[in-house]
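Asks: kindly generate the corresponding structure for this input.
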Amino acid sequence: MAEDFYTLAAPILPGKLDKWKSLLKEIKGPRKAEYLASRKKMGIKHERAWLQHTPVGDFAIVSFEGKDTSRVIEKFMKSKDPFDKWFAKNIQEIHGIEVSANPPEINELLLDIL
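Replies: Residues are numbered from 1 along each chain as shown. The predicted structure follows:
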């Protein structure tokens, strides 16, 4: 299977921006090995996250590159890995998304030109 990519936008709940930034520092620092192992298991070769400020609030824009990236959320939901469970708990607190119970709506590609 060829490599592909997946991008999603998740709202950062009011008052949770510092928590999101701390989460990123933690996965780039003391939890980096766990993070990399998790992503490798899910087939992710590269992940990026941007902070988007908008008039209606802040959003995390996240992209994944790897194998079968459209199934990343599904794989994450099924994971029993302690790091993945810790990460999911943070995602729920920061973004209000409970990935372990209800997957967020799958993105619908509407424009792919050039």
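
Asks: what's around residue 11, how many residues?
Replies: 17 (other Cβ atoms under 10 Å). Where you see a C-beta, it was placed from the backbone N, CA and C, and this is true even at glycine.

Asks: beta partners for it?
Replies: Beta bridges link residue 11 to residue 59, judged by DSSP bridges.

Asks: state the distance from it to residue 71.
Replies: The gap separating residue 11 from residue 71 is 23 Å, by Cβ to Cβ, to the nearest Å.

Asks: go on, residue 65?
Replies: Per Cβ to Cβ, residue 65 is found 14 Å from residue 71.

Asks: ok, now residue 52?
Replies: 25 Å.

Asks: kindly report the same for residue 84.
Replies: Applying Cβ to Cβ, the value for residue 84 to residue 71 is 14 Å.

Asks: so the two - more neighbours on which side?
Replies: residue 84 (22 against 14).

Asks: dump the residue contacts of that one.
Replies: With contact taken as Cβ atoms under 8 Å, 6 or more residues apart in numbering, residue 84 is in contact with 38, 76.

Asks: okay, it: pLDDT?
Replies: Residue 84 is assigned a pLDDT of 91 by the prediction.

Asks: try residue 112
Replies: 85.

Asks: okay, now it: neighbour count?
Replies: 5.

Asks: next one: residue 68
Replies: Neighbours of residue 68 under the rule other Cβ under 10 Å: 16.
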